[in-house]
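[1] No letters, just coordinates:
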């Protein structure tokens, strides 16, 4: 395994260095070939490093940044005033070849806009898409995109997402000839918006894409498809709704029982049942798959949830490692070259 250098926007997200720095140390401890560039306020980062393992600090460098892009800033304004910010500087490290990927829990719109501006989309891609790999009921994984980078998408963009998702399913999930579906309000061909129906018509004609038709929202975790494609508005609402339900379900499993009036055997049975259910469905915990990859760029960018805890942010760092090791951007570029019609 060769050296891998990643740039982390240490100031992004709801908690900044309180989460990103411990997560970075956790990632360094788990991979001896990993080197990290922490971009942000040196004083705040150093404070979070006070109890860090000195043996790991040799593979970590703090890159001073002058400012932080606020999570509620308008993307257009944030991009115009982004020079010297931790997010932009982390992306510039990738552009300059000093890092092989960037991870940020900051403002999604700003990250999308800056990544497109600095790293540029691949040939054949109009706009990058946020992609995540979700666990399903078949003990497998489903690639889902777009999860919020593009609120509105035309049919060509949905087709581009399908191609990129298929490459991810092959290279990351390890599925041969992955099944690709469009998220829709019904499985009948007449259902849905014109953009979805037009995308379906294009996908049916593409021999390199194993298109299987429409799936509805209740099929998100069933494993009926390997790639599920939608626009960013629908994808973001769908993902967050699912995550909210899963978190509520898991919290109910951890909640105390109904008092001391139950027989002892009922209490033991309840504890055993909760343990079994938690073990069976614990893999659906959103913290286990945090980190959406911004596909379609000439570089690797991972967007973490803004509210991610230490474990979840460490998972996002692992996502970046995996994407770089498997040369996801290069493989997507090669597939686009082979599949999409050449432009004038």
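    Great, that's in hand. Since the model is a prediction, treat every value here as computed from it, not as a measurement.

[2] Tell me where the stretch 201-344 of the chain has strands.
    Per DSSP state E, counting those that start in this stretch, the stretch 201-344 of the chain carries strands over the ranges 210-215, 227-229, 292-295, 300-303.

[3] Run through who's touching the shortest one.
    Under the contact criterion C-beta atoms under 8 Å, 6 or more residues apart in numbering, strand 227-229 has outside partners 142-146, 158, 161-162, 165-166, 168-169, 178-183, 199, 215, 219-220. C-beta coordinates here come from the backbone N, C-alpha and C atoms, glycine included.

[4] Of these, just the buried ones, PyMOL syntax please.
    In PyMOL, a selection of the buried entries from the contacts of strand 227-229 looks like this (16 or more other C-beta atoms under 10 Å):
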select buried, resi 142+143+144+145+146+158+161+162+165+166+168+169+178+179+180+181+182+183+199+215+219+220
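
[5] among the strands of the stretch 201-344 of the chain, which is nearest residue 248?
    In terms of C-beta to C-beta, the element of those nearest to residue 248 is strand 292-295, at 21.7 Å.

[6] What strands flank the closest one, and is each parallel or antiparallel?
    strand 129-135 (antiparallel), strand 300-303 (antiparallel) (DSSP bridges).

[7] Same list (the ones you listed) but as TSV, adding mean pLDDT.
    Output for those, formatted as TSV (pLDDT from 0 to 100):
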stretch	mean pLDDT
strand 129-135	90
strand 300-303	96
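
[8] okay if I get the ones you listed as CSV plus mean neighbour count and distance to residue 34?
    Output for the strands paired with strand 292-295, formatted as CSV (neighbours: other C-beta atoms under 10 Å; distance: least, C-beta to C-beta, whole Å):
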stretch, mean neighbour count, distance to residue 34
strand 129-135, 24, 21
strand 300-303, 28, 14
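
[9] Quick one, which of the ones you listed gets closest to residue 240.
    Residue 240 lies closest, by C-beta to C-beta, to one member of those: strand 129-135, at 11.6 Å.

[10] Now do that closest one: everything it contacts.
    108, 112, 141-150, 157, 160-161, 164-165, 168, 172-173, 220-221, 232, 235, 239, 283-284, 288-289, 291-296, 303.

[11] hmm, 6 Å instead?
    Strand 129-135 is contacted by residues 141-149, 161, 283-284, 292-295 when judged by C-beta atoms under 6 Å, 6 or more residues apart in numbering.

[12] wait, which of those residues is closest to residue 17?
    When those are compared against residue 17 (criterion: C-beta to C-beta), the nearest one is residue 292, at 21.6 Å.

[13] Would you confirm that that closest one contacts residue 302?
    No: contact criterion C-beta atoms under 6 Å: residue 292 and residue 302 do not qualify, at 7.1 Å.

[14] circling back to that earlier point, in helices, which of the contacts of strand 227-229 appear?
    Those of those mapping onto helices are 158, 161, 162, 165, 166, 168, 199, per DSSP state H.

[15] Local confidence estimate at the first one?
    Think residue 158. We have a pLDDT of 97 for residue 158.

[16] and if you look at the last one?
    For residue 199, the model assigns a pLDDT of 97.

[17] Same question for the fifth one.
    In this prediction, residue 166 carries a pLDDT score of 95.

[18] where are the low-confidence patches of the chain?
    For the chain, the stretches flagged by pLDDT under 70 are 1, 250, 252-289, 341-344.

[19] Show me where it has its helices.
    Under the criterion DSSP H, helices of the chain are mapped to 17-30, 42-48, 75-80, 86-95, 108-119, 155-168, 194-204, 232-254, 264-281, 310-325, 328-339.

[20] As CSV, the ones you listed with distance to residue 66 would be great.
    Output for the helices of the chain, formatted as CSV (distance: least, C-beta to C-beta, whole Å):
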stretch, distance to residue 66
helix 17-30, 16
helix 42-48, 11
helix 75-80, 14
helix 86-95, 9
helix 108-119, 15
helix 155-168, 34
helix 194-204, 41
helix 232-254, 30
helix 264-281, 44
helix 310-325, 23
helix 328-339, 29
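
[21] Which among those is found nearest to residue 101?
    Residue 101 lies closest, by C-beta to C-beta, to one member of those: helix 310-325, at 4.1 Å.

[22] What is the closest one packed up against?
    helix 17-30, strand 101-104, strand 300-303 (3 or more C-beta pairs under 6 Å, 6 or more residues apart in numbering; DSSP states H and E).

[23] Just the buried residues of that helix, please?
    For helix 310-325, burial by neighbour count (16+ other C-beta under 10 Å) applies to 310, 312-324.

[24] so who does the residue most central in space within the chain touch?
    For the chain, residue 292 is the residue whose C-alpha lies nearest the centre (C-alpha atoms, centre = their mean; 0.8 Å). Applying C-beta under 6 Å, 6+ apart, we find residue 292 in contact with 130, 132, 147, 303.
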